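> Just a sequence and a predicted model for now, questions to come.
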Number of protein chains: 2
Amino acid sequence: MKLIRLLAITLLVSLVPAMSARAADHLRSWNDGPAKQAIIEFVKATTDKGSPKFVRPEDRIATFDNDGTLWAEQPMYFQMLFALDRVKALAPEHPEWKDQEPFASLLKDDVKGALAGGERAMLEIVMATHAGMTTEEFTQTVKDWIATAKHPKTGRLYTEMVYQPMLELLAYLRANGFKTFIVSGGGIEFMRPWAEKVYGIPPEQVVGSSIKTKFEMRDGKPVLVRLPEMNFIDDGPGKPAGINSHIGRRPIAAFGNSDGDLEMLQWTAAGNGKRFCLYVHHTDAEREWAYDRQTPIGKLDKGLDEATAKGWTVVDMKNDWKRIFAWVK
Amino acid sequence: MKLIRLLAITLLVSLVPAMSARAADHLRSWNDGPAKQAIIEFVKATTDKGSPKFVRPEDRIATFDNDGTLWAEQPMYFQMLFALDRVKALAPEHPEWKDQEPFASLLKDDVKGALAGGERAMLEIVMATHAGMTTEEFTQTVKDWIATAKHPKTGRLYTEMVYQPMLELLAYLRANGFKTFIVSGGGIEFMRPWAEKVYGIPPEQVVGSSIKTKFEMRDGKPVLVRLPEMNFIDDGPGKPAGINSHIGRRPIAAFGNSDGDLEMLQWTAAGNGKRFCLYVHHTDAEREWAYDRQTPIGKLDKGLDEATAKGWTVVDMKNDWKRIFAWVK
């Protein structure tokens, strides 16, 4: 009996990759074109046993930005919309906010006025809404919000604002033995409560920006309290540092959409052996949004130049994606 | 053909756990006794499909301290011995060290004198030997050292100073669908270069103390430079914070040997459902070392009291372990 089981395992180990590698089964929302071809060619080159560029499964690390790469980021980062909703929800406990910027403007629905205070205003909003509670309380708040809040333009749940072609790409890579990670400027604890369900990416494979936490005993029960102090900003040059800290291996493939992803792509490209760097270029004003060099959110300028110079893959959303969101035909 | 493959998978998914769960195949260096029994009982309770305490595989997170739990830590932390070796290797480039503490004492082999400067001296030694190079250079230095340096008492490689019963425990847990992590006060980049080979734990499952890194372009090539500045101390109350940051789930089992692991065990124990906390108690002066409440390295005092009070498992190395190191019969 033992021998039969061993044989079954051996048989399976050889069958599984052959079954799952087929791109046609996965990349259904991608039009045939250079981007899709480049993805397939990369996966074949790194996973075919006979390929000179073969990469052993444990080194098949793929990192994905989140905002603008896996889900939309307009009219502003969804985490900022979460923070604005939280300001309103918490306002009754903070009567002083009525006369205190940036909260006073926010409570009058004047987002522009609130953000006129720049980075400092943004940080104050984040800290007021993301700190002061335990990690478990914060997770629950995120879960409640993500289950009900609606996108201001489409009226859809934020978890429906994810890009169907990218979900297929994640699944295709995983079916080929890749380990997929999120490496985002967004909050690590903001993404983890829903990333597994939405992207199939477990909490331990989510890297993001973070605030400090403090261990405390409350009524004999240990808690981690979220402090109003930044710990790490996982953006720009922070992304290779975040990758190094959390993953400890250099990715062989990286996916982004803005200049904030450039250092991650550079870091990925600079490793030995076959590498793959991809930029999602927002070119579809009708089905999504069109923006690149001039936008305050998701600016892609230097990155676009470097992608061209280095021959990285640039996805033209309008032409490369058959379908953008699962709920649109 | 497709159907046959699917059937083979289904068959296998049901066979694999049955094959691998058997403790007798794994825990060979453990004497029959309460510690071994408690481990087996916990694994059965959390992995048997019919058990009321069943835990789904993705939540089977087990965290292990390293120094004194997976490998020895006497006469001092091995990473400190690495740092001392590095001071000697780097001394020719630092003529000023001859007259500068703590280096002057170290170069005269007066470790006690060097460490008389306390935490500050220790930090200076660490920064002088662990910072100022790229992450790749540091990794190579660790690899070279770990491949050749010998333990001062046993004359064995440091990677031979790992506890055979704990290697078996790691393998037993993994065979039962657990994901095993290191959560150590030691340096994350000091452990990663060899943890996969020695413990079967990949870099992305190693959590440890860290210094800050900085992204830089050098001759058009991106590098991460290690800065002489602490980033995170993964010890004591830092362990739950490190677990939260890197894993993002609460472990259901945690293994340590000192008071520095107490908060990790408390954090683990405080979750819902079946939990397992274990302390390795160094009780074997002949085969290893015997120490607990009075030692400067690996002090186990409060933790021992709390383990007793809470009914956690305490491994008595002398009586519970048939064999400590693989190279001793």
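Arrived safely, thanks for sending.

> At which residues are the helices of the stretch 51-200 of chain A located?
A:78-90, A:103-107, A:111-115, A:118-130, A:135-148, A:164-175, A:188-199 (DSSP state H, counting those that start in this stretch).

> among those helices, which is nearest A:Val328?
Between A:Val328 and those, the tightest spacing by C-beta to C-beta is seen for helix A:164-175, at 8.7 Å. In this view, the C-beta of every residue, glycine as well, is placed from N, C-alpha and C.

> Which elements pack onto that closest one?
helix A:23-26, helix A:34-47, strand A:61-64, strand A:179-187, strand A:253-256 (3 or more C-beta pairs under 8 Å, 6 or more residues apart in numbering or on different chains; DSSP states H and E).

> and that helix, what's its mean pLDDT?
Mean pLDDT, computed over helix A:164-175, is 98.

> Check what contacts that helix and list those residues.
Contact with helix A:164-175 is made by A:20-21, A:23, A:26-30, A:39, A:43, A:60, A:62, A:64, A:69-70, A:180, A:199-201, A:253, A:255, A:280, A:320-326, as judged by C-beta atoms under 8 Å, 6 or more residues apart in numbering or on different chains.

> now A:Pro52: how far from A:Asn176?
A:Pro52 sits at a distance of 17 Å from A:Asn176 (criterion: C-beta to C-beta, to the nearest Å).

> what do you get for A:Phe64?
15 Å.

> quick one on the thing from earlier: against chain B, which of the contacts of helix A:164-175 make the cut? List them.
Filtering the contacts of helix A:164-175 for proximity to chain B by C-beta under 8 Å from any C-beta of the partner chain leaves nothing.

> Just list the residues touching A:Ile247, thanks.
A:Ile247 touches A:Ile61, A:Thr63, A:Phe181, A:Val207, B:Pro203, B:Glu204, counting by C-beta under 8 Å, 6+ apart.

> out of those residues, which one sits closest to B:Phe276?
Using C-beta to C-beta, B:Glu204 is the member of the contacts of A:Ile247 that lies nearest B:Phe276, at 23.2 Å.

> circling back: from the contacts of helix A:164-175, keep the buried residues only.
Applying 16 or more other C-beta atoms under 10 Å in any protein chain shown to the contacts of helix A:164-175, the neighbour count classes A:20-21, A:23, A:26-27, A:29-30, A:39, A:43, A:60, A:62, A:64, A:69-70, A:180, A:199, A:201, A:253, A:255, A:280, A:320-321, A:323-325 as buried.

> Geometric centre of chain A: which residue is closest?
A:Asn66 (1.9 Å; C-alpha atoms, centre = their mean).

> so who does it touch?
Contact analysis of A:Asn66 by C-beta under 8 Å, 6+ apart lists A:Ile182, A:Ser184, A:Gly186, A:Met191, A:Gly208.

> A:Leu300 now?
With C-beta under 8 Å, 6+ apart, A:Leu300 has these contacts: A:Asn257, A:Ser258, A:Asp259, A:Tyr279, A:His281, A:His282, A:Tyr291, A:Asp292, A:Arg293.

> Then A:Gly68?
A:Asn257, A:Ser258, A:Val280, A:His282, A:Ile297, A:Gly298.

> Figure out the helix or strand that the third one lives in.
Using DSSP states H and E, A:Val280 sits within strand A:276-281.

> and the stretch 51-200 of chain A, which residues reach chain B?
Contact residues (C-beta under 8 Å from any C-beta) of the stretch 51-200 of chain A with chain B: A:Glu58, A:Thr135, A:Lys179, A:Ile188, A:Glu189, A:Arg192, A:Glu196.

> ok, now with 10 Å
A:58-59, A:61, A:135-136, A:139, A:179, A:181, A:188-189, A:191-193, A:195-196 (C-beta under 10 Å from any C-beta of the partner chain).

> which of those lies closest to A:Ile146?
Taking C-beta to C-beta as the measure, A:Ile146 sits nearest to A:Pro193 out of those, at 6.9 Å.

> and the closest one, how many neighbours does it have?
Number of residues near A:Pro193 (other C-beta atoms under 10 Å in any protein chain shown) recorded here: 21.

> Which pLDDT value belongs to it?
As predicted, A:Pro193 sits at a pLDDT of 98.

> Show me the helices in the stretch 201-329 of chain A, by range?
Under DSSP H, counting those that start in this stretch, the stretch 201-329 of chain A gives helices at A:238-246, A:262-269, A:302-310, A:317-320.

> Run the chain-centre distance for the third one.
If I follow you right, that is helix A:302-310. Between the centre of helix A:302-310 and the centre of its chain there are 21 Å (C-alpha atoms, centre = their mean, to the nearest Å).

> export that helix as PDB, just CAs?
Below are the C-alpha coordinates for helix A:302-310, written out as PDB (Å, rounded to 0.1, in the frame of the first residue of the first chain):
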ATOM      1  CA  LYS A 302      10.100  58.200 -15.200                       C
ATOM      2  CA  GLY A 303       8.800  54.600 -15.100                       C
ATOM      3  CA  LEU A 304       7.300  54.900 -18.500                       C
ATOM      4  CA  ASP A 305      10.600  56.200 -19.900                       C
ATOM      5  CA  GLU A 306      12.600  53.500 -18.200                       C
ATOM      6  CA  ALA A 307      10.200  50.800 -19.300                       C
ATOM      7  CA  THR A 308      10.700  51.900 -22.900                       C
ATOM      8  CA  ALA A 309      14.500  52.200 -22.600                       C
ATOM      9  CA  LYS A 310      14.800  48.700 -21.000                       C
END
